[in-house]
Structures are given as C-alpha cells and as structure tokens.
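Visitor: One predicted model, sequence on top.
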Amino acid sequence: MFTVVAGTVLLAFVHALIPNHWLPLVAVARAERWSRRETNTVTLLAALAHVLGTVALGLVLGFIGKELQEEYGEVINVAAAVLLIVFGLIYFTVNLPHHHHSSQEDVSAFKRSKRRWILIFIVMMFLSPCLEVESLFLSAGAYGMGLVVALSVIYAIVSITGILLLVNLGVKGTNLLNAHFIEHNEKRISGAVLILVGIITFFIH
C-alpha cells in the first residue's frame with residue numbers, strides 16, 4: 001500500500017515538471033502581461049482541469065480494481081504488480097517525449113482574450129491526463145476505494161502545487177531545471193517508477 005502511495009507522489013511530481021504542463025502558461029502570462037494574481041488564477045484552473053481528467057479516469061480504474069479483488073482475491077494483487085512492471089517496461093523502452101512546440105511562437109502567432117486563453121488551457125489540460133498514474137489507481141483498487149480516493153487527493157495536491165510553483169518561477173525568469181531533459185526523458189523516469197513499485201508490490205502486498 002505504501003509503495004503505491006509513494007509511486008503516486010513520485011509520478012505526480014515528475015508530471016508537474018513536464019514543460020507542456022507549465023511552460024505555455026508562462027509564455028502567455030508574459031506575452032499578455034498578466035498580473036501575478038491573474039497568472040495564478042489561470043494556472044490553478046488549468047491544473048484543476050488536468051487533475052480532474054486524470055482522477056476521473058483513475059476512479060473508474062480503481063473501482064474496476066476493487067471489483068476484481070472481490071472476484072479473484074489474492075490473484076489480483078499479483079496481477080496488479082505484473083501489470084505495473086509491464087506498463088513500466090513499455091514506458092521505459094518507448095520513452096516517447098511529449099510533443100512540444102515553441103510556446104513563444106504559439107503566443108506571438110495570435111492574440112486571445114483572457115477568457116479564451118483560460119478555455120484553451122482548461123481543455124488542453126483536461127484532455128491530457130497522466131496515463132502512467134492510472135495503472136497505480138488500478139492497483140490501489142485492490143486495497144479498496146478508500147485508498148483510491150486518498151491517491152486522488154495526494155495526486156491533486158502534488159500536481160497542482162508543482163505546476164503553480166513552476167509557473168511562478170518561470171514568470172520570474174527562474175530556471176531550476178533542464179526542461180529539455182525532462183521533456184525527453186519523462187516516460188523513462190515514469191517507467192522506472194512503475195517498475196520499482198511493481199517489483200515491491202509483487203513481494204509486499
């Protein structure tokens with residue numbers, strides 16, 4: 001149980017670092033000269049949409065995991081661990097980076113009202129759930145919906161806080177990480193986390 005929670009925290013943190021989750025917000029905030037309050041408001045709405053999209057799917061998978069646990073008992077624990085390892089290997093070996101355009105070019109190409117920018121970010125973030133995290137929700141279902149809900153809250157807190165922090169740092173011009181490295185190795189990092197969680201879950205559940 002602890003390994004699933006720890007894995008969720010790690011993946012939420014890794015996904016918050018993905019440039020596509022915060023760099024466009026930084027670019028637009030600078031180009032449109034938004035105030036700090038406006039930037040944080042739009043960022044919060046976009047981050048909430050992202051979390052909602054991920055958690056909605058996660059709750060469904062968690063319920064499926066719960067039903068499978070009740071039906072197949074101990075077998076599902078082993079199956080969940082194996083699935084985590086398989087998904088981890090897929091992400092680690094494929095390692096397809098998120099498609100990323102130059103945000104500054106996107107912003108300079110056209111101007112939008114603040115309302116339209118908010119709509120763009122909300123739709124974009126809602127439709128890009130963190131799929132790697134979903135396998136952890138499925139595994140958590142074996143422990144009951146209580147853990148699934150707890151993971152949803154943990155994921156939301158870590159993701160929203162991380163995105164808000166990175167946007168604020170980006171607007172100020174602070175660069176604490178290599179965005180190019182994160183963008184091109186995010187799948188590999190996520191895959192490694194899933195493999196590790198799967199191995200530990202296989203022996204301890």
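Guide: In hand now; what should we look at?

Visitor: Can you pull out the low-pLDDT segments for the chain?
Guide: The model of the chain has pLDDT under 70 over residues 74, 95-113, 174-186, 204-205.

Visitor: which residues of it fall in helices?
Guide: 2-17, 19-31, 36-72, 74-94, 103-109, 114-126, 131-140, 145-171, 179-203 (DSSP state H).

Visitor: Which strands or helices does the second one pack on?
Guide: Going back to what we said before, that points to helix 19-31. Helices and strands touching helix 19-31, by 3 or more C-beta pairs under 8 Å, 6 or more residues apart in numbering; DSSP states H and E, are helix 36-72, helix 103-109, helix 114-126, helix 145-171, helix 179-203. In this view, the C-beta of every residue, glycine as well, is placed from N, C-alpha and C.

Visitor: Let's see that with 7 Å instead.
Guide: Under the contact criterion of 3 or more C-beta pairs under 7 Å, 6 or more residues apart in numbering; DSSP states H and E, helix 19-31 touches helix 36-72, helix 103-109, helix 145-171, helix 179-203.

Visitor: and stretch 121-131, which residues are buried?
Guide: Buried residues in stretch 121-131, counted by 16 or more other C-beta atoms under 10 Å: 121-122, 125-126, 128-130.

Visitor: now the helices and strands packed on helix 19-31 in JSON lines, with distance to Leu25 and mean neighbour count?
Guide: JSON lines is the format used below for the helices and strands packed on helix 19-31 (distance: least, C-beta to C-beta, whole Å; neighbours: other C-beta atoms under 10 Å):
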{"stretch": "helix 36-72", "distance to Leu25": "5", "mean neighbour count": "18"}
{"stretch": "helix 103-109", "distance to Leu25": "9", "mean neighbour count": "14"}
{"stretch": "helix 145-171", "distance to Leu25": "5", "mean neighbour count": "19"}
{"stretch": "helix 179-203", "distance to Leu25": "13", "mean neighbour count": "19"}
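
Visitor: Distance to Ala29 added to these, as a markdown table?
Guide: Formatted as a markdown table, the helices and strands packed on helix 19-31 follow (distance: least, C-beta to C-beta, whole Å):
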| stretch | distance to Ala29 |
| --- | --- |
| helix 36-72 | 4 |
| helix 103-109 | 10 |
| helix 145-171 | 5 |
| helix 179-203 | 16 |
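
Visitor: Leu83: which of those helices is closest?
Guide: helix 179-203 (7.5 Å; C-beta to C-beta).
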